[in-house]
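**Q** Show me how the following folds:
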Amino acid sequence: MPVNHVLLMTLYALIVSTFFAFLWRRSVKARLRLFLQLLVGLLGGGILLAWLMYPFPSGPPGT
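**A** Sure thing, here's the model as predicted:
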């Protein structure tokens, strides 16, 4: 079964964002705002990092 890395990254971002939003904020509005900030930051950061690494090969040079 192939692994979809974007789906796994999204699931991780959802879980971590939810955890920290409930841990660090008390009001519903503040939790939602922090949740969205963390979610966008994690997903956007992951996609940006992947885009920056794209030109570099992932293995040893071919013969």
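**Q** Let me know how buried Ala21 is, in neighbour terms.
**A** Using other Cβ atoms under 10 Å, Ala21 has 20 neighbouring residues. Where you see a C-beta, it was placed from the backbone N, CA and C, and this is true even at glycine.
**Q** Just to check, Gly46 is in contact with Leu11?
**A** No: counting by Cβ atoms under 8 Å, Gly46 does not reach Leu11; the two are 12.0 Å apart.
**Q** Have a look at those two and say which one is more surrounded.
**A** Between Gly46 and Leu11, counting by other Cβ under 10 Å, Gly46 is the more crowded of the two (16 against 11).
**Q** Let me see the mean pLDDT of the helix or strand hosting Leu36.
**A** According to DSSP states H and E, Leu36 maps onto helix 28-53. The average pLDDT within helix 28-53 is 96.
**Q** how far out from the middle of the chain is it?
**A** For helix 28-53, the separation from the chain centroid amounts to 6 Å (computed by Cα atoms, centre = their mean, to the nearest Å).
**Q** List the buried residues in it.
**A** 31, 34-35, 38-39, 42-43, 46 (16 or more other Cβ atoms under 10 Å).
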